[in-house]
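In: Need coordinates for the following:
(2 chains)
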Amino acid sequence: MQHAISISKLSKVYDSGLAALQEVDLDIRNGEILALLGPNGAGKTTLISIVCGIVNPTNGKVSVQGHDIISEFRAARELIGLVPQELHVETFETVWDTVSYSRGLFGKKPKPELIEQLLRDLTLWDKKDNKILELSGGMKRRVMIAKALAHEPKILFLDEPTAGVDVELRKDMWQLVRRLREEGGVTIILTTHYIEEAEEIADRVGVINKGRLILVEEKKELMRKLGKKQLTLDLNDVLETLPEALGRYDLDLENGGERLVYRYDTQAERTGIGSLLADLNRAGISIKDLDTEQSSLEDIFVTLVEETR
Amino acid sequence: MNFEAVKAIYIFEMARMRRTLLQSVVSPVLSTSLYFIVFGAAIGSRIEEINGVPYGSFIVPGLMMLTLLQNSISNASFGIYFPKFVGTIYEVLSAPISFLEIVLGYVGAAATKSLILGTIILATAHLFVPIEIRHPFWMLFFLVATAVTFSLFGFIIGIWADNFEKLQLIPLLVVTPLVFLGGSFYSIEMLPEFWQKVTLANPVLYLISGFRWSFYETSDVSVTVSIAMISLFLALCLGLVWWIFKTGYRLKV
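Out: This is a model prediction of the structure:
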């Protein structure tokens, strides 16, 4: 099966000696939303920059819909739209001109009706004749998205698109990303610091740390595999210490002895909940209330990054 | 060939000229007019004819070259430096365009601006002094070749520069002195023999001399040498730009 993007043994060592990427292998499927997570300096932006042609790779191969990014750079780049992390905009241009310029730069003939639709979708229509320097930070971010979409790309890179934007714009962007995928079949790769973002919209999650791709996994599968659950039991009476009969369980006494927290693995053959409740009953500990909670993608991410330190 | 991209860059760059009309057009026209008033009318009226050409008319090709060189360099260097400075260069680098198309867009626009200015200066000069163009084809050749070559040179400076000071360094410290000492306002025959020989090392002399020949059939050096020199500069600049894009020098890491 042809992948949207195929990355093989990709490495990048900068002149300073910094190994930003080390033998990264990654296949990105057509029409998926892939979230790349990683701390600052992990190599996310370098990876995107190489695929888009902004940074030269040291080693390895990258192909976009089967087109090599170096020998067939035209065919490869035509398919890609990029929204970079920084707000790089032509300050003195109008919104309309800068978005139209982006379309031309990618070899597409003018299509004013498409630019109009884009600006309307991104609530920029009433600003179309404004110079970019007159726009707010959030509006500039929208302009950058419009520029990246002006040539109707099949693959869209969003490098931390919601960094520093308000909640409303973030929600708008998520909606736009979903619509692009559903209506246009656009493959979307986004890097983010906001785990909730990945949790909200991604199909798959990749974690990068220190230039290495630690894992790529279906989001649901990842949470199922690595996600731990915890059972919280609010007790009727304060418990000074844990009875010996409960010693075999991973239990913590919290909230001054009013709460018992039991952590268990969702992948284990038996969660142990049934026997725990029976043992509690046998020990004469009565329960007022109970609650279960699954660890978030953020917890999983922190755990993974900690493990690779 | 990605013509749409070349067109997009070209139109985008030309739009900058329209936005900064005062700085781009009015300022060079004003400074040229001042040169004519000072050198042509005030001082020039006391200078004898040079090789049978009245002094006011004699300096026209030199003044055009001065404007052409300065503006080609500043337009092209700023055109590529500014996207680097504000970061919008990412878009050009990630677009499906070759180095040749990028150069055609940026350098084409810078050279066009210089040619427009050169024409305006010629028209302005015509208001002050009589002008004769004996070899219109060669005049056009020198005009276009110089505009393109020095726009390429400006493009190279714009890529090399990593701050605004460097952007101004070569035009101010190298190009302007070379133009002034390259026979813009005089014939090198007016210099002592030693300085005549030194001036022969100034590449701009050959451009001005050839250009002046196309006007009045009077030159400091053979016109064939002038044509060879401008062709050599053009080839050198093209070679350098090709190397820049091949290696990604100051553009890609």
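In: Ramachandran angles for residue A:80?
Out: Torsion angles at residue A:80 (phi, psi; degrees, to the nearest 10) stand at phi -110, psi 140.
In: That one against residue A:64, yeah?
Out: Yes: the pair residue A:80 and residue A:64 qualifies as a contact (C-beta atoms under 8 Å) at a distance of 6.4 Å. In short, each C-beta sits where N, CA and C put it, glycine included.
In: which residues sit in contact with residue A:118?
Out: By C-beta atoms under 8 Å, 6 or more residues apart in numbering or on different chains, the residues touching residue A:118 are A:99, A:124, A:146, A:149, A:150.
In: I'd guessed residue B:216 sits against residue B:53; true?
Out: Yes: with contact defined as C-beta under 8 Å, residue B:216 and residue B:53 form a contacting pair (4.8 Å).
In: OK, now which residue of the stretch 1-150 of chain A is nearest to chain B?
Out: Nearest residue of the stretch 1-150 of chain A to chain B, counting by C-beta to the nearest C-beta: residue A:104, 2.8 Å away.
In: the helices in the stretch 51-200 of chain A, which residues?
Out: For the stretch 51-200 of chain A, applying DSSP state H, counting those that start in this stretch gives helices covering A:73-78, A:95-105, A:112-121, A:137-149, A:167-184, A:195-201.
In: if we can go back for a sec, OK, contacts around the residue nearest to the residue of the stretch 1-150 of chain A closest to chain B when sequence neighbours are not counted?
Out: Nearest non-adjacent residue to residue A:104, counting by C-beta to C-beta, 6 or more residues apart in numbering or on different chains: residue B:8, 2.8 Å away. Contact analysis of residue B:8 by C-beta under 8 Å, 6+ apart lists A:101, A:103, A:104, A:105, B:105.
In: pretty sure the last one contacts residue B:2?
Out: No: using C-beta under 8 Å as the test, residue B:105 is too far from residue B:2 to be in contact (9.7 Å).
In: tally of neighbours for the nearest residue to residue A:238 once chain neighbours are set aside?
Out: Leaving aside its sequence neighbours, residue A:238 sits nearest to residue A:257 (C-beta to C-beta, 6+ apart; 4.3 Å). Residue neighbour count, defined by other C-beta atoms under 10 Å in any protein chain shown, stands at 14 for residue A:257.
In: likewise residue A:19?
Out: Neighbours of residue A:19 (other C-beta under 10 Å): 15.
In: Give me the common contacts of residue A:80 and residue A:64.
Out: By C-beta under 8 Å, 6+ apart, the residues touching both residue A:80 and residue A:64 are A:51, A:155.
In: what's next to stretch A:36-43, contact-wise?
Out: So stretch A:36-43 is contacted by A:12, A:20-21, A:24, A:44, A:47, A:189-192, A:195, A:198, A:205-212, A:297, A:301, A:305 (C-beta under 8 Å, 6+ apart).
In: Off-centre distance for it?
Out: Centre-to-centre, stretch A:36-43 and its host chain are 10 Å apart (C-alpha atoms, centre = their mean, to the nearest Å).
In: before we move on, what about stretch B:28-41?
Out: On C-alpha atoms, centre = their mean, the centre of stretch B:28-41 falls 18 Å from that of its chain.
In: Give me the mean pLDDT for it.
Out: Mean per-residue pLDDT for stretch B:28-41: 82.
In: end-to-end on it?
Out: Taking C-alpha to C-alpha, to the nearest Å, the first and last residues of stretch B:28-41 lie 19 Å apart.
In: How about residues contacting it?
Out: B:55-56, B:59, B:63, B:67, B:70-71, B:117, B:120-121, B:124-125, B:128-129, B:185.
In: Give me the buried positions along it.
Out: By 16 or more other C-beta atoms under 10 Å in any protein chain shown, the buried positions in stretch B:28-41 come out as B:28, B:32, B:33, B:35, B:36, B:39, B:40.
In: Closest residue of the stretch 51-200 of chain B to chain A?
Out: Proximity of the stretch 51-200 of chain B to chain A (C-beta to the nearest C-beta) peaks at residue B:87, 3.5 Å away.
In: Pop out the phi and psi values for that residue.
Out: Dihedral angles of residue B:87 (phi, psi; degrees, to the nearest 10) stand at phi 90, psi 0.
In: Return the residues in contact with it.
Out: Applying C-beta under 8 Å, 6+ apart to residue B:87 gives the contacts A:84, A:86, A:88.
In: Model confidence at it, what's the number?
Out: Reported pLDDT for residue B:87: 89.
In: same question, residue B:125
Out: You'll see residue B:125 listed with a pLDDT of 86.
In: hmm, the host helix or strand of it touching chain A?
Out: According to DSSP states H and E, residue B:125 maps onto helix B:99-128. No: for helix B:99-128, no contact with chain A is found by C-beta under 8 Å from any C-beta of the partner chain; the gap never falls below 9.1 Å.
In: Show me what that helix is packed against.
Out: Applying 3 or more C-beta pairs under 8 Å, 6 or more residues apart in numbering or on different chains; DSSP states H and E, one finds that helix B:99-128 makes contact with helix B:3-19, helix B:27-35, helix B:55-86, helix B:136-160, helix B:223-247.
In: quick one: buried residues of that helix?
Out: B:101-118, B:120-122, B:124-125, B:128.
In: go on, stretch B:196-215?
Out: Buried, per 16+ other C-beta under 10 Å, within stretch B:196-215: B:199, B:202, B:204-215.
In: Now do that stretch: distance to the chain's middle.
Out: 14 Å.
In: Quick one: mean pLDDT for it?
Out: 91.
In: what's the answer for stretch B:223-238, then?
Out: For stretch B:223-238, mean pLDDT is 93.
In: which residues are contacting that stretch?
Out: Counting by C-beta under 8 Å, 6+ apart, B:138, B:141-142, B:145-146, B:148-149, B:152-153, B:156, B:203, B:206-207, B:209-211, B:213, B:219 sit against stretch B:223-238.
In: So what's the gap between it and the chain middle?
Out: Offset of stretch B:223-238 from its chain centre (C-alpha atoms, centre = their mean): 14 Å.
In: List the buried residues for that stretch?
Out: Neighbour-count burial for stretch B:223-238 [16+ other C-beta under 10 Å]: B:223, B:226, B:227, B:229, B:230, B:233, B:234, B:237, B:238.
In: Quick check: of those residues, which lies closest to chain A?
Out: Checking the buried residues of stretch B:223-238 against chain A with C-beta to the nearest C-beta, the nearest one is residue B:238 at 21.3 Å.
In: Leaving out sequence neighbours, find the closest residue to residue A:139.
Out: residue A:127 (6.4 Å).
In: ugh, wrong one, residue B:62
Out: Excluding the flanking residues, the one nearest residue B:62 by C-beta to C-beta, 6+ apart is residue B:184, at 3.1 Å.
In: related to what we said a few turns ago, next one: the residue of the stretch 51-200 of chain B closest to chain A from residue B:93, what distance?
Out: Counting by C-beta to C-beta, to the nearest Å, the gap from residue B:87 to residue B:93 is 11 Å.
In: picking up where we left off before, count of neighbours near the residue nearest to residue B:62?
Out: Neighbours of residue B:184 (other C-beta under 10 Å): 23.
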